[in-house]
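Got a sequence here, can you model it:
(6 chains, ligands or ions: 5)
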Amino acid sequence: MASIWEYANPKKFTRTVDVLLPPVAVLAVLALVTGLVWGFFFTPDDYKQGSTVKIIYLHVPSALLAINAWLMMLVASLIWLIRRHHVSALAARAAAPVGAVMTVIALVTGAIWGQPMWGTWWAWDPRLTSFLILFLFYLGYIALWSAIENDDTAADLTSVLCLVGSVFAILSRYAVNFWNQGLHQGASLSLDKEENVADVFYFPLLVCIGGFVLLFVALVLLRTRTEIRARRTRALLARERMT
Amino acid sequence: MTLKVLDLGVSRGGVPVLEGVNFAVDPGEAIVLTGPNGVGKTTLLRTLAGLQPAYGGKIVVPDPEAMTYAAHADGIKAVLSVAENLMFWAKIHGTDGIDGALEAFNLRDLADRPAGSLSAGQKRRLGLARLSVTGRPIWLLDEPTVSLDKASVTLFGDVMRAHLAQGGSAVIASHIDMGLEVRVIDLTPYRARAKVSRDYDEAFL
Amino acid sequence: MTLKVLDLGVSRGGVPVLEGVNFAVDPGEAIVLTGPNGVGKTTLLRTLAGLQPAYGGKIVVPDPEAMTYAAHADGIKAVLSVAENLMFWAKIHGTDGIDGALEAFNLRDLADRPAGSLSAGQKRRLGLARLSVTGRPIWLLDEPTVSLDKASVTLFGDVMRAHLAQGGSAVIASHIDMGLEVRVIDLTPYRARAKVSRDYDEAFL
Amino acid sequence: MIPDLGKYAGAVLSSYAVSITLIVLLVAVSLWRSRRAAQALREVEERVKRNG
Amino acid sequence: MIAILTRDIRLAVRAGGGFGLGLAFFLIVVVLVPFAVGPEVRLLSTIAPGILWIGALLACLLSLDRIFALDREDGSLDLLATSPVPLEGVVAMKALAHWITTGLPLVVAAPVLGVLMSLPVEGFRWLVISLAVGTPALSTIGAFGAALTVGIKRGGLLLSLLVLPLYVPTLIFGAEVARAGATGLDVETPLVLLGAVTCVTVALLPFASAAVLRMNLR
Amino acid sequence: MIAILTRDIRLAVRAGGGFGLGLAFFLIVVVLVPFAVGPEVRLLSTIAPGILWIGALLACLLSLDRIFALDREDGSLDLLATSPVPLEGVVAMKALAHWITTGLPLVVAAPVLGVLMSLPVEGFRWLVISLAVGTPALSTIGAFGAALTVGIKRGGLLLSLLVLPLYVPTLIFGAEVARAGATGLDVETPLVLLGAVTCVTVALLPFASAAVLRMNLR
Ligand code: HEM
Ligand SMILES: Nc1ncnc2c1ncn2[C@@H]1O[C@H](COP(=O)(O)OP(=O)(O)OP(=O)(O)O)[C@@H](O)[C@H]1O
Ligand SMILES: Nc1ncnc2c1ncn2[C@@H]1O[C@H](COP(=O)(O)OP(=O)(O)OP(=O)(O)O)[C@@H](O)[C@H]1O
Ligand SMILES: [Mg+2]
Ligand SMILES: [Mg+2]
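Ligands and ions are numbered 1, 2, ... in the order given. Model (predicted):
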């Protein structure tokens, strides 16, 4: 069987993306539109939260993705550090802005939700706070990438930053919890049926989450391909100037 | 302590600069690398020194800690005196005494001057004096005689001859004749002709 | 545009370095300053350029804005491209077009490269190209040919000859022969013999 | 058409507006960069092929 | 002169600094304060205008050393000093470039950070106005400090030491405007004073800075 | 290795930086806060431990870029990397030198500044202890950030952006110790956690920093 590492060849990866991207993109749009339309138009208001509960279809998927994008970057960084596949490093680079935007969406929708629910835009609640720190990590990661000229060095450094940053992000999460007990909802998507949000909200939410995940995958594929092409262009131009 | 370079390729900024470089430097021998500006002398020396990875081929040397590298940037601290600067590198390399080095490069009168107040050539002499205190046998020098007056070039030649006589060796990049009778390698023929591959890899060329 | 130096004394870090220097440079003429390391060439050039005050004597020049100075530090921005670097200085000096300068120093191929990725000699060429875009008649050059290969030294010689032919002039500090037929002034005899005065003034010497 | 959102209409609508704008922006920028990168690469590769 | 302005802005953007970083620093300072003093909303909203002003001031401060030090190191400053452009103009343009890349983004971002610090909504407008009026003075004063320390390698700390006392009047009036605005008190007097401080510094300090630079180049 | 330590300390002292400047910056931040938030003693004494910690953190931050950047510029770092001393040792010694010239003076001076900020007397002891335990982590983390940005000219702001989020745990626990100490609450838990964070960073981070430095030298 062909090894999965074959896809570490940039050319092969590009070709795979060419094939994969259209269906994933179409699916993503379908799922997103279905989920959001379902959630926005065809679900009742919550007895306690009124119509604000509709924000959940944006807030929860983006929050989930914000965290998982960082995890994906961590894995990709490790692959780069250990096996030195360029595509992996570029995928991490491609995912960072997507993750950052997801973090912003989670923060903004959360803030807008907080105004009617808690009577304040922002509270120094542990979950909110650790999200803000995550956003800072995204910013630092992106800034470091763009500040370093040599591509390989930039990949190396950002990978280490991602690694060390993850450790400190977990530490911070711990510290923040210790520092303040919060207002924020606990996990409500557990498999334990009893604790879940009501079914009317649950299913459209699942579709939305699926849509966001597909969107994330599509964007990362697209942006990784862009990075690969940009890198090849840079390499060819550099070679051209040299001779 | 023979330094052997086998089919070496070096790259800078991800672009291959030189390839297929072959030479060997035996104890007691020095070679001079020449070639037009931008051919890759500095890059080659940095690769030999282990500061950047080779792009292909091999560098064979019994002990990588046998080499020391001196570039335009000399690692000189402006606020420390000449003697303090040298003393630091002597301590780092566990060698004793900086007197010989001060003497050899005619720095004795300047020993207590802060290095920041030296002229361009005086600073360069200090940078070269550092080589002696490392006590290492293989010297990698990038344009060592820049800014030196004629007397100082002669001093440098004497030090180099003494170093070679003691079984040391040196690889020197230079555009100007230093009055040493040594083997000269012109790097121009080794210019990399990077092949562009269809199914790209090797950092996508 | 004759530059005249009358009984000039220069000092560095408060200590007199040279005194009693006299020379004149007429349009179309270049002179080379030589002397051992540390004699005061750089200090003299900086004084001529108006970057530091003279310690004694006089510099006579019809228009102080007629001079431009080029030292080891070339004022090159690593993140700007070669063309952008030159363009900036052209704009500052209100001259038009950098094409001639790029051509003269064989920088056309490098025009879009970020200056930070140039080799030592390529950077030096860019620094020298700046001189042409200032459009000023009197050039003060501190070791201009450092790091240049032979072809580039020739290029520099051509540019210099063209500059002189147009009625420009130059004062050049250098240790190496640049293949120009010019007047050479050795600064060694002008070394300052600091007199210690009893009723101290002049910064207490 | 739009369901009655009650007194929270502002909050709900603005969060949808902000999120959808951000996502659309992100997608648009990604597509635009992708197109530009493809174009640049095509030009360079053609030149390389011509010049050998 | 315009060439200097565009070059400095371009350099700031290319060096990865640009608009983002000053802003990010501002954000971080504001985020750290609650970690340090605790999360109570009442306390935070009381100190918010002051902390936001201090954050802006520090964000400004940290990017000051870029104004002249880089140009000094690579010799550009020598060349600019002997160029036909008057040194006063160079200083003014560089201060302006610094303000555009640091001060202006702070002004724009301040309301968002006000939310984080639970600043009362009525205070937003005055916070923004006070920053808009005050930050040009910060850049001009900063350029003066940068000119003073240009000869010193990594003079960052010394620079802060010199500049911070000079920032005191701007800080006092600026924070007072923001504070009075947030609590609904009279903002006119401190605002006029703040404007006066800014006008005077912007008009006069570039001459002092140019003189200092000339001394430093010797 | 000792040679590196003594050289770095000597360089810091000669460059006019040394012990004084970090301290002075600390002092100035602490002095500016009353100007910004107003002079009420109750308010000041509530926020005192937090502000003192933030001041310490910023003073530390501002001197970070001196750790490696100067050595990189003048080529010393290349030479150290090819010297017989392991790079991990170099990093550790440089972080230690940074702590001695920045962290230690802060620890010593903190009580004096506590007085300025009307910190309750019982809080002094815990403030000093928390700083003594926490600042080594600040220097080590800072050295990591400095190693990351060593290739970037004037990476000061980027450095802050990278380092400050990493400072969060130390800051939270440190300020918590100081705050709890000042109000007579239990300090043991946060102090233990603070100590743990410091121990782990000091033990592990130099390896990451050395790896990063090697990558940067390529
Ligand atoms: C700026 C403010 C806010 C931020 C940054 C924020 C952030 C988060 C994060 C990080 C998650 C976790 C996703 C996960 O780990 O599964 C989450 C989930 C959630 N948030 Fe928020 N939130 C904010 C405000 C709010 C408000 C005001 C509400 C409603 C009153 C709310 C309701 C929820 C709910 C119901 C979930 C799903 C819980 C779960 O399934 O885990 N959030 N939010
Ligand atoms: N960061 C970079 N990215 C791309 N190319 C680079 C980079 N740095 C240097 N180069 C190129 O690599 C080549 C080799 O440079 P190198 O400094 O080794 O030349 P050199 O032989 O030492 O020249 P000189 O005699 O001028 O010192 C040059 O053509 C240079 O332009
Ligand atoms: N800050 C200073 N304080 C005291 N003396 C100084 C200072 N800077 C330089 N000097 C001394 O002034 C003298 C003149 O230096 P200058 O740089 O002009 O020499 P130079 O002729 O250019 O030498 P080179 O050929 O080595 O470049 C030297 O002896 C130098 O040591
Ligand atoms: Mg070279
Ligand atoms: Mg000189």
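
So which elements touch the strand or helix carrying residue E:216?
Here residue E:216, judged by DSSP states H and E, is contained in helix E:188-217. Judged by 3 or more C-beta pairs under 8 Å, 6 or more residues apart in numbering or on different chains; DSSP states H and E, the packing partners of helix E:188-217 are helix E:76-81, helix E:87-98, helix E:121-148, helix E:156-183. Placement of C-beta: from N, CA and C, glycine included.

Show me what the first one is packed against.
Helices and strands touching helix E:76-81, as assessed by 3+ C-beta pairs under 8 Å, 6+ apart, comprise strand C:67-70, helix E:69-73, helix E:87-98, helix E:188-217.

Out of these, which gets the lowest mean score?
The weakest mean pLDDT among the helices and strands packed on helix E:76-81 belongs to helix E:69-73, with a mean of 83.

re earlier: how about the helix holding residue E:216 and ligand 3, touching?
No: using C-beta under 6 Å from any ligand atom, helix E:188-217 stays clear of ligand 3, with a minimum separation of 13.4 Å.

What residues of that helix count as buried?
Within helix E:188-217, the residues that count as buried by 16 or more other C-beta atoms under 10 Å in any protein chain shown are E:190-191, E:193-195, E:197-198, E:201-202, E:205-206, E:208-210, E:212-213, E:216-217.

Export the helices and strands packed on helix E:188-217 to a markdown table and append columns for mean neighbour count.
As requested, the helices and strands packed on helix E:188-217 are exported to a markdown table (neighbours: other C-beta atoms under 10 Å in any protein chain shown):
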| stretch | mean neighbour count |
| --- | --- |
| helix E:76-81 | 22 |
| helix E:87-98 | 23 |
| helix E:121-148 | 24 |
| helix E:156-183 | 23 |
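
And those: which comes nearest residue A:134?
Residue A:134 lies closest to helix E:121-148 among the helices and strands packed on helix E:188-217, at 26.0 Å (C-beta to C-beta).

List of residues touching stretch E:111-123?
A:111, A:120-122, A:132, E:26-27, E:30-31, E:33-34, E:41, E:44-45, E:47-49, E:51-52, E:55, E:124, E:127-128, E:178, E:181-184 (C-beta atoms under 8 Å, 6 or more residues apart in numbering or on different chains).

Now a PyMOL select for only the buried ones of those residues.
The buried subset of the contacts of stretch E:111-123, as determined by 16+ other C-beta under 10 Å, is captured in PyMOL by this line:
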select buried, (chain A and resi 111+121+122+132) or (chain E and resi 26+27+30+31+33+34+44+45+47+48+49+51+52+55+124+127+128+178+181+182)
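
Sort out for me which of the contacts of stretch E:111-123 are in helices.
Judged by DSSP state H, the contacts of stretch E:111-123 include A:111, A:132, E:26-27, E:30-31, E:33-34, E:41, E:44-45, E:47-49, E:51-52, E:55, E:124, E:127-128, E:178, E:181-183 as members of helices.

Give me the pLDDT for the spatially most central residue of chain B.
Taking C-alpha atoms, centre = their mean, the centroid of chain B lies closest to residue B:141, which sits 1.9 Å from it. At residue B:141, the predicted lDDT confidence score is 93.

What of residue B:131?
90.

related to what we said a few turns ago, could I get the contacting residues of the residue nearest to the residue nearest to the centre of chain B when sequence neighbours are not counted?
Spatial nearest neighbour of residue B:141, chain neighbours left out: residue B:172 (4.6 Å); criterion: C-beta to C-beta, 6 or more residues apart in numbering or on different chains. Residues near residue B:172 by C-beta under 8 Å, 6+ apart: B:30-33, B:139, B:141, B:144, B:178, B:182.

Okay, and residue B:172 sits in which element?
Per DSSP H and E, residue B:172 falls inside strand B:169-173.

How much space separates residue E:179 from residue E:119?
For residue E:179, the distance to residue E:119 equals 10 Å [C-beta to C-beta, to the nearest Å].

which neighbours do those two share?
Residues touching both residue E:179 and residue E:119 comprise residue E:49, with contact defined as C-beta under 8 Å, 6+ apart.

re earlier: so the residue nearest to the centre of chain B, which state does it fall into?
strand (DSSP: H, G, I helix; E, B strand; the rest coil).

Show me what it is bridged to.
residue B:70, residue B:172 (DSSP bridges).

Let me see the contact set for whatever residue of chain B ends up closest to chain F.
Distances between chain B and chain F by C-beta to the nearest C-beta are smallest at residue B:73, namely 2.9 Å. Residues near residue B:73 by C-beta under 8 Å, 6+ apart: F:73-75, F:78.

most surrounded residue in the residues you listed?
residue F:78 (20 neighbours; other C-beta atoms under 10 Å in any protein chain shown).

What score does the closest residue to it other than its chain neighbours have for pLDDT?
Counting by C-beta to C-beta, 6+ apart, the nearest residue to residue F:78 once its immediate chain neighbours are dropped is residue B:51, at 5.8 Å. Residue B:51 is assigned 87 on the pLDDT scale.

Now do the SS call for the residue of chain B closest to chain F.
Strictly by three-state DSSP, residue B:73 counts as coil.

any idea of the angle the helix or strand where residue B:152 lies forms with strand B:169-173?
Per DSSP H and E, residue B:152 falls inside helix B:150-165. Interaxial angle of helix B:150-165 relative to strand B:169-173 (axes from the mean of the first three to the mean of the last three C-alpha atoms, to 10 degrees): 140 degrees.

Please identify the buried residues of the least confident helix or strand in chain E by mean pLDDT?
One helix or strand of chain E scores below all others by mean pLDDT, DSSP states H and E: helix E:18-37, with a mean of 80. Residues E:18-37 are the ones in helix E:18-37 that count as buried (16+ other C-beta under 10 Å).

Check stretch E:101-121 too.
E:101-107, E:109-119.

With just CA atoms, put it into PDB.
Output of stretch E:101-121 as PDB, limited to C-alpha atoms (Å, rounded to 0.1, in the frame of the first residue of the first chain):
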ATOM      1  CA  THR E 101       1.900  53.300  12.400                       C
ATOM      2  CA  THR E 102       1.400  53.400  16.200                       C
ATOM      3  CA  GLY E 103      -0.800  56.200  17.500                       C
ATOM      4  CA  LEU E 104      -3.600  56.000  14.900                       C
ATOM      5  CA  PRO E 105      -4.300  52.300  15.200                       C
ATOM      6  CA  LEU E 106      -4.500  52.800  19.000                       C
ATOM      7  CA  VAL E 107      -7.100  55.500  18.600                       C
ATOM      8  CA  VAL E 108      -9.200  53.300  16.300                       C
ATOM      9  CA  ALA E 109      -8.900  50.200  18.600                       C
ATOM     10  CA  ALA E 110      -9.500  51.900  21.900                       C
ATOM     11  CA  PRO E 111     -13.200  51.300  22.100                       C
ATOM     12  CA  VAL E 112     -12.800  47.600  21.700                       C
ATOM     13  CA  LEU E 113     -10.400  47.500  24.600                       C
ATOM     14  CA  GLY E 114     -12.700  49.700  26.500                       C
ATOM     15  CA  VAL E 115     -15.200  46.900  26.300                       C
ATOM     16  CA  LEU E 116     -12.700  44.500  27.800                       C
ATOM     17  CA  MET E 117     -12.000  46.800  30.700                       C
ATOM     18  CA  SER E 118     -15.700  47.400  31.300                       C
ATOM     19  CA  LEU E 119     -15.400  51.100  30.600                       C
ATOM     20  CA  PRO E 120     -18.900  52.700  30.800                       C
ATOM     21  CA  VAL E 121     -20.300  53.300  27.300                       C
END
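
circling back to that earlier point, same list (the contacts of residue B:73) but as a markdown table, adding distance to residue C:41.
Shown next, in a markdown table, are the contacts of residue B:73 (distance: C-beta to C-beta, whole Å):
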| residue | distance to residue C:41 |
| --- | --- |
| F:73 | 25 |
| F:74 | 23 |
| F:75 | 24 |
| F:78 | 29 |
